[in-house]
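Asker: Based on what follows, work out the 3D shape:
(chains A, B, C and D)
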Number of protein chains: 2
Amino acid sequence: MPKRVDHRERRALIADALMRVAAEQGLEAVSLRHVAAAAGVSAGMVQHYFRTRDEMMVFALAVVSERNETRVRRAIEALGATPAPRALLRAMLAALLPLDEERRADGRVALAFLAYTAVRPAVAAALHDETAALRAFVADRIAAGSPLVTEGRVDPERAAVGLLAVMEGLGIYVLGGHYPPETALAALDAQLDLIFGPEPPTRDRAGSARRRRSA
Amino acid sequence: MPKRVDHRERRALIADALMRVAAEQGLEAVSLRHVAAAAGVSAGMVQHYFRTRDEMMVFALAVVSERNETRVRRAIEALGATPAPRALLRAMLAALLPLDEERRADGRVALAFLAYTAVRPAVAAALHDETAALRAFVADRIAAGSPLVTEGRVDPERAAVGLLAVMEGLGIYVLGGHYPPETALAALDAQLDLIFGPEPPTRDRAGSARRRRSA
DNA sequence: CTCTTTTCAATGCACTCGCAATGTAAAGGC
DNA sequence: GCCTTTACATTGCGAGTGCATTGAAAAGAG
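Answerer: Numbers count the residues shown, from 1 in each chain, chains lettered A, B, ... in the order given. Okay, the predicted model is just below:
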């Protein structure tokens, strides 16, 4: 059955194996043979769908950000139509945090890629637009939803930069095992409190009302 | 002149070369031979002072955190005796941000190590205490210096977690070339504004008064 | 049928890796 | 004087790497 195969499917299969290897043993362990073994295929097949290792890496990087995009979209859709800006941001950022094992694995890969691209600036350029768009979106939601903005006490652009940095930093700490997921979520809520002002007393989530120790 | 050599000095020399290699080509390019070449010595000598590659890595990691410690100490000392909590935190966190080329190089190495330890949990344990101590210190300074804490609008523990996460995240973004140093500093100041309340009008730095575009 | 294209598998090559083993030369200890 | 210890340098081995090459088998196209 050689002729008729779905390239995207094969590449996805291989990328999946790559992610497993990278998550378990680090990016430096990602070799043609290891990935092939993890995928249960021959090394020749991997080479057939990715002519070079770098090509495989770039594809895997795209898979990671695509997965995150999907997570964010689903989290937002789960909120229904026209969610409040704060709730929307919370759902979005929480979706990007490595709070379960699946996202932890992806996060490890993303972290490895971060270090990888820090040395290959050409590959990193694609991420710039992504971050810029994300920041603009966050800034817009902050401007639309925070009363502190109209009071002039919060600058949406800087708050957006800070909020995304908090998310990124919390992700790092959780991945490193410094904080448990609850602490990261609590810190995220605290940050939203700072930006949006104290939560009006709603009866939905625990929010930031109850205090827990954080280490 | 074989007998009398300073081991610490030699190891520092080698670690220095390791840092250069890691900063320029990534941690995966750190091999006995590369490091030896960068240090201008033979591979045998490297092997003499570090019996295994992992031993060399661990030492280099210690060098990185020691450098950061030195930077923080100097930045704080430059503030004179009994600095205000907010100024102290600003100086400390700014010292940890990759704002010049030297710190950028160190930051790249630290980032690579982050990904490295994410796969070797045993090595990461040492970093936990460091982070915990740092967080406790930051929380203490926030509790001592922020009027919002006594008003109950800021929880020092969570604010400390958030503040450190902001620093970490900003560092990542700056390293990735997403933000220029000024934007990172502005975001850091904005975060301090959120935690400590609006700055009383002092005539020292630009602080957060002037607005600039951020991307 | 033949011919071509696609899909995979296997092999080999040149290279790098960590690390052990070995050798050599210099500085004390005696 | 010798002898041990330290401080390197050199070499080599087995393993692993990316990648090019080769080949084979299957499915249309004509």
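Asker: what about the residue positioned nearest the centre of chain A, distance to chain B?
Answerer: Centrality entry for chain A: nearest residue to the mean C-alpha point is residue A:96, 3.9 Å, by CA atoms, centre = their mean. Relative to chain B, residue A:96 is positioned 12 Å away (CB to the nearest CB, to the nearest Å). (C-beta placed from N, C-alpha, C; glycine too.)
Asker: And residue A:50, by the same measure?
Answerer: With CB to the nearest CB as the criterion, residue A:50 and chain B are 19 Å apart.
Asker: Need the nearest residue in space to that residue, chain neighbours excluded.
Answerer: residue A:56 (3.9 Å; CB to CB, 6 or more residues apart in numbering or on different chains).
Asker: In this model residue A:35 seems to touch the one you found, though I could be wrong.
Answerer: Yes: contact criterion CB atoms under 8 Å: residue A:56 and residue A:35 qualify, at 7.3 Å.
Asker: okay, the two: which has more neighbours?
Answerer: Neighbours were counted for residue A:56 and for residue A:35 using other CB atoms under 10 Å in any protein chain shown; residue A:35 has more, 26 against 22.
Asker: which residues touch whichever strand or helix holds residue A:132?
Answerer: If you go by DSSP states H and E, residue A:132 is part of helix A:121-145. Identification of contacts with helix A:121-145 by CB atoms under 8 Å, 6 or more residues apart in numbering or on different chains yields A:58, A:61, A:65, A:84-86, A:88-89, A:116-118, A:149, A:154, A:156-157, A:159-161, A:163-164, A:195-196, B:173, B:176-178, B:214-215.
Asker: Now list the buried members of these.
Answerer: A:58, A:61, A:85-86, A:88-89, A:116-118, A:149, A:154, A:156-157, A:159-161, A:163-164, A:195-196, B:173, B:176-178, B:214 (16 or more other CB atoms under 10 Å in any protein chain shown).
Asker: residue boundaries of the helices in chain A?
Answerer: For chain A, the helices defined by DSSP state H occupy A:7-25, A:32-39, A:43-49, A:53-77, A:85-96, A:101-119, A:121-145, A:147-150, A:156-175, A:181-196.
Asker: Show me the domain layout of chain A.
Answerer: A:1-51, A:60-215 (automatic domain parsing).
Asker: Most tightly packed of those domains?
Answerer: Of all the domains of chain A, domain A:60-215 carries the top mean neighbour count, a mean of 18, counting by mean count of other CB atoms under 10 Å in any protein chain shown.
Asker: what about that domain, near DNA strand C?
Answerer: No: on the criterion CB under 7 Å from any atom of the strand, domain A:60-215 is out of touch with DNA strand C, staying 14.5 Å away.
Asker: Determine how far that domain lies from the middle of the whole chain.
Answerer: Distance of domain A:60-215 from the chain centroid (CA atoms, centre = their mean, to the nearest Å) equals 8 Å.
Asker: Could you list the low-pLDDT ranges of chain A?
Answerer: Residue ranges of chain A with pLDDT under 70: A:1-3, A:199-215.
Asker: Which residues of chain A lie near DNA strand D?
Answerer: Going by CB under 7 Å from any atom of the strand, the residues of chain A near DNA strand D are A:1-4, A:29-34, A:43-44, A:47, A:51-54.
Asker: change it to 10 Å
Answerer: Residues of chain A that fall close to DNA strand D, judged by CB under 10 Å from any atom of the strand: A:1-5, A:21, A:25, A:28-37, A:42-48, A:50-57.
Asker: Report the separation between the closest residue to DNA strand C within chain A and residue A:4.
Answerer: At 2.4 Å from DNA strand C, residue A:44 is the closest residue in chain A, using CB to the nearest atom of the strand. To residue A:4, residue A:44 is 19 Å away according to CB to CB, to the nearest Å.
Asker: go on, residue A:36?
Answerer: With distances taken as CB to CB, residue A:36 is found 22 Å from residue A:4.
Asker: How about residue A:110?
Answerer: 34 Å.
Asker: likewise residue A:48?
Answerer: 15 Å.
Asker: And for residue A:39?
Answerer: 20 Å.
Asker: swap in residue A:136?
Answerer: Taking CB to CB, one finds residue A:136 at 43 Å from residue A:4.
Asker: what do you get for residue A:22?
Answerer: Residue A:22 is 30 Å from residue A:4, where distance means CB to CB.
Asker: do residue A:189 as well
Answerer: Per CB to CB, residue A:189 is found 51 Å from residue A:4.
Asker: Setting the sequence-adjacent residues aside, check what's closest to residue A:111.
Answerer: Nearest to residue A:111 is residue B:115, by CB to CB, 6+ apart, at 4.8 Å.
Asker: next one: residue A:178
Answerer: Spatial nearest neighbour of residue A:178, excluding adjacent residues (CB to CB, 6+ apart): residue B:131 at 4.8 Å.
Asker: Would you mind confirming that residue A:20 makes contact with residue A:38?
Answerer: Yes: the pair residue A:20 / residue A:38 is scored as a contact, 5.4 Å apart, by CB under 8 Å.
Asker: Give the closest residue to residue A:194 in space, chain neighbours not counted.
Answerer: Nearest residue to residue A:194, sequence neighbours excluded (CB to CB, 6+ apart): residue B:194, at 4.2 Å.
Asker: again, but for residue A:198
Answerer: The nearest residue in space to residue A:198 (CB to CB, 6+ apart) is residue B:153, at 6.3 Å.
Asker: Ok, residue A:13 next?
Answerer: Counting by CB to CB, 6+ apart, the residue nearest residue A:13 is residue A:39, at 6.0 Å.
Asker: Isn't that neighbour up against residue A:14?
Answerer: Yes: counting by CB under 8 Å, residue A:14 is a contact partner of residue A:39 at 5.5 Å.
Asker: Quickly list what's touching both of the two.
Answerer: The contact sets of residue A:39 and residue A:14 overlap at residue A:46 (CB under 8 Å, 6+ apart).
Asker: rewinding a little: gap between the residue nearest to residue A:194 and DNA strand D?
Answerer: 45 Å (CB to the nearest atom of the strand, to the nearest Å).
Asker: In contact with that residue: list those residues for me.
Answerer: Taking CB under 8 Å, 6+ apart, we find residue B:194 in contact with A:154, A:159, A:162, A:194-195.
Asker: Make JSON lines from the residues you listed and add distance to residue B:142 to it.
Answerer: What follows is the contacts of residue B:194, written out as JSON lines (distance: CB to CB, whole Å):
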{"residue": "A:154", "distance to residue B:142": "19"}
{"residue": "A:159", "distance to residue B:142": "18"}
{"residue": "A:162", "distance to residue B:142": "16"}
{"residue": "A:194", "distance to residue B:142": "12"}
{"residue": "A:195", "distance to residue B:142": "17"}
